[in-house]
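> my questions concern the predicted model and sequence given below.
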Amino acid sequence: MTLVFLTVTTYPVTFRLLILRLCSAWIYCEVAGRPLYGRVSGIQVNAGEVRYNACAHSEEWYGAYIMKAISLLGFALLVPTAPAFANVTVSSPASNAQVATTFLLNATASPCSSQTVSAMGYSFDNSPSTTIVNGAVINAQITGPVGSHTLHVKSWGNKGASCVTDVALNIGTTPVSRPPMVPANAVAITGIHALANWKDEYDTGVGTGSSTGAMALVKTPAMTSTARQFDTTYTNYGGERYWVSFGTDSTAMNFLYDGWVYIASPNNDLANLELDMNQTMPNGQTAIFGFQCDGYSNTWDYTANSGTPQKYNDVWLHSNQTCNPRNWSVNAWHHVQISYSRDGNGNITYKSVWLDSKEQDLNVTVNSAFALGWGPSLLTNLQVDGFGISGSARVYLDNLTVYRW
């Protein structure tokens, strides 16, 4: 679909016209940032003085630049149709989120007033400027003004219907964290969430009950072509561990775990969310980079071996940084990045974690080497621990990359 925008500034409001193909004869107008639309009869919108011809190539597209504002406003108010709501689903950012001035907008649109969606767009507050994206998906980095603002995420049907979802945001009002540093020579393993060799098992070290798990690759919600869905059912605080092997490098000493996590509503049955990585070192021992968001202590936790590699005792240690998975916005994508390194003896330095671009520094070093008898392996876990006597939780993982160097 070709879209033609014209801006008309008159007292006391600024209009923005979206002229769709005139065989459909629809006119779309934003008044003070809110959409109105109506059907026009005939090819011309008769304003009196000026008509703007927007023919492109052999297609017949026309726009009208309305000089008589009263005529246009009268027309718009005579045939308004209020925009429909809830057809536009915004996965990221979450409502009332704190974001940097440039942030990810991920949104999808289902049929709007039973019409096939032809385009989507977004604007801020009462701005007359709307950015348009063809199709029914927006997945882009966008830039917004500093302060408290409302992001309008819109869709348009192929016969003129309009739908909108509003998202309140706090933009760039706190210092923006520095991003993780990845050197140019780092090896990136991408798409780990979509690998076919994922497995799951009950973690006997969690709770006194049981758990079962199920996985599937799904298209909705997803940031890439598919996301991995994890469904966990538990009794007595049980936890289910999901894991996959993605390589065999034993020499790399620095890592960045970089993925996107989506917690479905309700989230009241989720105690801990664990995001680990394991590496077999050249001496045959396994370095366990254990990391979790702990809903009991409200902290980021990390794994250590309080024994020896041969007589190991793995323990969770609380950091001084806060986290609780039940406080994460539900039905929204969250960006999780974890930076750590090791030495030749399995002493691991947990450096920093970023949740939705907000940096939290740990900078703690502990020994986490275990003589498990494993062969060469790089492995990652996602574990869901239950909260309560029984329940279930659904979590999604997408766009998982592990960098190593």
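Good, I have the coordinates. Residues are numbered from 1 along each chain as shown.

> center of this protein, which residue is that?
residue 333 (3.0 Å; Cα atoms, centre = their mean).

> how close does that one sit to residue 189?
According to Cβ to Cβ, to the nearest Å, residue 333 and residue 189 sit 20 Å apart. From N, CA and C alone the C-beta is placed, and that goes for glycine too.

> and what of residue 211?
For residue 211 relative to residue 189 (Cβ to Cβ), the value is 28 Å.

> these two: who's more crowded?
Set residue 211 next to residue 189 and count neighbours by other Cβ atoms under 10 Å: residue 211 wins out with 25 against 16.

> was I right about that one contacting residue 240?
Yes - using Cβ atoms under 8 Å as the test, residue 211 is close enough to residue 240 to be in contact (4.2 Å).

> so what sits against both of these two?
Common neighbours of residue 211 and residue 240 are listed as 202-203, 232, 234 (criterion: Cβ atoms under 8 Å, 6 or more residues apart in numbering).

> in the helix or strand containing residue 352, what counts as buried?
Using DSSP states H and E, residue 352 falls within strand 347-355. Buried residues in strand 347-355, counting neighbours by 16 or more other Cβ atoms under 10 Å, are found at 348-355.

> nearest to residue 270 among those residues?
residue 355 (15.2 Å; Cβ to Cβ).

> show me what contacts that closest one?
Taking Cβ under 8 Å, 6+ apart as the criterion, residue 355 is in contact with 323, 334-336.

> about what we covered before: against residue 90, how distant is the residue nearest to the centre of the chain?
Going from residue 333 to residue 90 by Cβ to Cβ gives 10 Å.

> the helices in the protein, which residues?
69-78 (DSSP state H).

> identify the single longest strand in it, thanks.
strand 390-404 (DSSP state E).

> off-centre distance for that one?
12 Å (Cα atoms, centre = their mean, to the nearest Å).

> by contact count, what packs against that strand?
With contacts taken as 3 or more Cβ pairs under 8 Å, 6 or more residues apart in numbering; DSSP states H and E, strand 390-404 sits against strand 187-189, strand 227-235, strand 254-263, strand 270-280, strand 378-386.

> dump those to TSV, plus distance to residue 198.
Output for the helices and strands packed on strand 390-404, formatted as TSV (distance: least, Cβ to Cβ, whole Å):
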stretch	distance to residue 198
strand 187-189	14
strand 227-235	7
strand 254-263	14
strand 270-280	14
strand 378-386	9
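
> can I get those strands in CSV with distance to residue 166 and mean pLDDT?
Converted to CSV, the helices and strands packed on strand 390-404 look like this (distance: least, Cβ to Cβ, whole Å; pLDDT from 0 to 100):
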stretch, distance to residue 166, mean pLDDT
strand 187-189, 36, 98
strand 227-235, 25, 98
strand 254-263, 21, 98
strand 270-280, 28, 98
strand 378-386, 32, 98
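
> of those, which is nearest residue 152?
strand 254-263 (22.9 Å).

> partners of that closest one in the sheet?
Strand pairing for strand 254-263, using DSSP bridges, gives strand 333-342 (antiparallel), strand 390-404 (antiparallel).

> and the last one, what's buried?
When you say that, I think you mean strand 390-404. 391, 393-404.

> which ones are touching the residue nearest to the centre of the chain?
91-92, 104, 106, 221, 223, 260-262, 398.

> repeat that for residue 182.
188, 256, 403, 405.

> mind running it again at 10 Å?
Each residue near residue 182 by Cβ atoms under 10 Å, 6 or more residues apart in numbering is listed here: 188, 254, 256, 258, 337, 339, 401, 403-405.

> low pLDDT regions in the chain?
1-86, 173-177 (pLDDT under 70).

> can you rerun that using 80?
Applying pLDDT under 80 to the chain flags residues 1-86, 91, 98, 173-177.

> which of the buried residues of strand 390-404 lies closest to residue 179?
Closest to residue 179, out of all of the buried residues of strand 390-404 and judged by Cβ to Cβ, is residue 403, at 12.4 Å.

> now do the closest residue to residue 373 other than its chain neighbours against residue 354, distance only.
Using Cβ to Cβ, 6 or more residues apart in numbering and skipping the chain neighbours, the partner closest in space to residue 373 is residue 284 (7.6 Å). Distance, residue 284 to residue 354, using Cβ to Cβ: 32 Å.

> ok, back up a step: so which of the helices and strands packed on strand 390-404 comes closest to residue 167?
strand 254-263 (16.2 Å).

> circling back to that earlier point, where's the residue nearest to residue 373 relative to residue 196, distance?
Taking Cβ to Cβ, one finds residue 284 at 28 Å from residue 196.

> next one: residue 371
30 Å.

> same check, this time on residue 124
Residue 124 is 42 Å from residue 196, by Cβ to Cβ.

> what of residue 112?
36 Å.

> who's more crowded, the two?
residue 112 (26 against 6).

> in contact with that one, which residues?
Residues 83-84, 87-88, 118, 120, 136, 154-164 are the ones in contact with residue 112 under the rule Cβ under 10 Å, 6+ apart.

> for residue 277, same thing?
Residue 277 sits next to 246, 255-257, 287-291, 338, 340, 378-381, 402, 404 when contact means Cβ under 10 Å, 6+ apart.

> now it, nearest residue through space, not along the chain?
Residue 277's closest residue in space is residue 289 (Cβ to Cβ, 6+ apart), at 4.4 Å.

> just checking, the one you found touches residue 314?
No - assessed by Cβ atoms under 10 Å, residue 289 is found out of contact with residue 314, at 12.0 Å.

> hmm, back to that, out of the contacts of residue 333, flag the one nearest to residue 309.
Once Cβ to Cβ is applied, the member of the contacts of residue 333 that ends up nearest residue 309 is residue 261, at 31.1 Å.

> show me what that closest one is bridged to.
With DSSP bridges as the rule, residue 261 is bridged to residue 334, residue 397.

> give me the number of residues near residue 169?
Count around residue 169 with other Cβ under 10 Å applied: 22.

> ugh, wrong one, I meant residue 224
Other residues close to residue 224 by other Cβ under 10 Å number 15.
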